[in-house]
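Visitor: sequence-free structure coming up:
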């Protein structure tokens with residue numbers, strides 16, 4: 001299997017998982033983000049409704065990844081492949097980059113932020129970081145040809 005195909009499948013699966021997590025499993029996401037003792041806060045339902053936007057942003061990225069799997073001829077031109085994989089890398093990097101300041105603060109501080117180095121957030125942080133590096137690396141390898 002080609003590297004671009006593997007990356008597109010990984011991107012499609014990951015962005016689909018993000019759509020499900022944030023848009024369809026909002027209550028679960030809130031449990032990850034908000035400590036148990038703060039879940040009675042009147043702002044928690046607003047947070048739950050707000051995370052649906054994250055899923056909404058991930059869905060078209062997932063659809064694009066899946067669509068490109070059906071159009072391998074698009075990657076005949078190296079400029080297209082470089083552009084698309086830089087785009088996917090940037091999508092993953094945006095998730096990694098916003099977790100780094102939280103990580104540097106030590107993760108969850110009291111009731112603020114979320115635990116980057118444990119549970120589902122650690123998995124999200126690691127997978128987005130790995131996929132960001134993989135997409136950028138592949139784009140760079142294509143550009144260097």
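Guide: Perfect, thanks for sending it. The shown structure was predicted, so the numbers you read here are calculated from the model rather than taken from an experiment.
Visitor: Run a quick neighbour tally on the spatially closest residue to residue 78 that is not a sequence neighbour.
Guide: Leaving aside its chain neighbours, residue 78 sits nearest to residue 142 (5.1 Å; criterion: C-beta to C-beta, 6 or more residues apart in numbering). (Each C-beta comes from the backbone N, C-alpha and C, glycine too.) Residues near residue 142, counting by other C-beta atoms under 10 Å, number 20.
Visitor: Residue 142 reaches residue 82, doesn't it?
Guide: Yes: in this structure, residue 142 is within contact of residue 82 by C-beta atoms under 8 Å, at 5.2 Å.
Visitor: if we can go back for a sec, can you pull the contacts of the residue nearest to residue 78?
Guide: 78, 81, 82, 85 (C-beta atoms under 8 Å, 6 or more residues apart in numbering).
Visitor: Could you pull out the buried residues of the helix or strand bottoming out on mean pLDDT in the chain?
Guide: In the chain, no helix or strand scores lower on mean pLDDT, DSSP states H and E than helix 26-33, which sits at a mean of 88. Buried residues in helix 26-33, counted by 16 or more other C-beta atoms under 10 Å: 26, 29, 30, 33.
Visitor: Leaving out the residues flanking it, which one is nearest to the residue nearest the centre of the chain?
Guide: Centroid-nearest residue in the chain, with C-alpha atoms, centre = their mean: residue 92, separated by 4.9 Å. Of all residues not flanking residue 92 in the chain, residue 132 sits nearest, at 3.7 Å (C-beta to C-beta, 6+ apart).
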